[in-house]
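Asker: how would this look folded up:
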Amino acid sequence: QVQLVESGGGLVHTGGSLRLSCWDSGRGFENVVVGWFRQPPGKEREFVASITYNSDRTYYADSVKGRFTISRDNSKKTGYLQMNNLRPDDTAVYLCNYGLQTGASMVPVGSWGQGTQVTVSS
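Answerer: Okay, the predicted model is just below:
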């Protein structure tokens with residue numbers, strides 16, 4: 001069973017960059033769609049990006065297109081979210097999950113971890 005653990009968050013200034021990681025401590029990573037979500041303070045969780053099992057397709061929320069890049073390395077059972085040109089409204093807890101690709105979004109089916117906090121100061 002896939003069990004994903006996030007890391008890599010931190011505090012950055014506007015315009016800065018971070019790379020988040022999502023490591024599978026279980027089994028089956030290479031067979032699943034992996035996605036990133038985020039939950040800003042006081043708001044609902046929202047889709048950020050997803051990537052198919054063989055990396056042939058990626059999908060992004062409009063708010064992050066051109067700034068964030070999702071990738072994966074199946075040999076390391078790890079997914080990544082490279083975040084560039086960060087803005088204060090990117091501040092959120094970032095979580096990864098696996099699930100079903102539905103059009104330009106993803107339905108998560110795994111259990112949620114604690115996520116990793118990203119804070120962007122102005």
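
Asker: contacts, neighbours, all on C-alpha from now
Answerer: OK.

Asker: Looking at strand pairing, list the partners for the nearest residue to Arg45 once chain neighbours are set aside.
Answerer: Nearest residue to Arg45, sequence neighbours excluded (C-alpha to C-alpha, 6 or more residues apart in numbering): Gln39, at 4.2 Å. With DSSP bridges as the criterion, Gln39 is bridged to Val93.

Asker: Gln39: what's it in contact with?
Answerer: For Gln39, the contacting residues are Arg45, Glu46, Ala92, Val93, Tyr94, by C-alpha atoms under 8 Å, 6 or more residues apart in numbering.

Asker: what pLDDT does it get?
Answerer: We have a pLDDT of 98 for Gln39.

Asker: Distance-wise, check it relative to Gly28.
Answerer: Note on Gln39: its distance to Gly28, by C-alpha to C-alpha, to the nearest Å, is 26 Å.

Asker: same for the helix or strand bottoming out on mean pLDDT in the chain, what does it pack against?
Answerer: Every helix and strand in the chain was compared by mean pLDDT, DSSP states H and E; the lowest is strand 105-108, with a mean of 93. Applying 3 or more C-alpha pairs under 8 Å, 6 or more residues apart in numbering; DSSP states H and E, one finds that strand 105-108 makes contact with strand 46-51, strand 92-102.

Asker: Including distance to Val34, could the ones you listed go into CSV?
Answerer: Compiled in CSV, those are given as follows (distance: least, C-alpha to C-alpha, whole Å):
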stretch, distance to Val34
strand 46-51, 6
strand 92-102, 4
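
Asker: so what's the residue positioned nearest the centre of the chain scoring on pLDDT?
Answerer: Geometric centre of the chain, nearest residue: Trp36, 2.5 Å, by C-alpha atoms, centre = their mean. pLDDT for Trp36: 98.

Asker: quick one: contacts for it?
Answerer: If you count contacts by C-alpha under 8 Å, 6+ apart, then Trp36 has Phe47, Val48, Ala49, Ser50, Leu81, Tyr94, Leu95, Cys96, Asn97 around it.

Asker: cutoff 6 Å now
Answerer: Val48, Ala49, Leu95, Cys96 (C-alpha atoms under 6 Å, 6 or more residues apart in numbering).

Asker: now Gly28
Answerer: Val2 are the contacts of Gly28 under C-alpha under 6 Å, 6+ apart.
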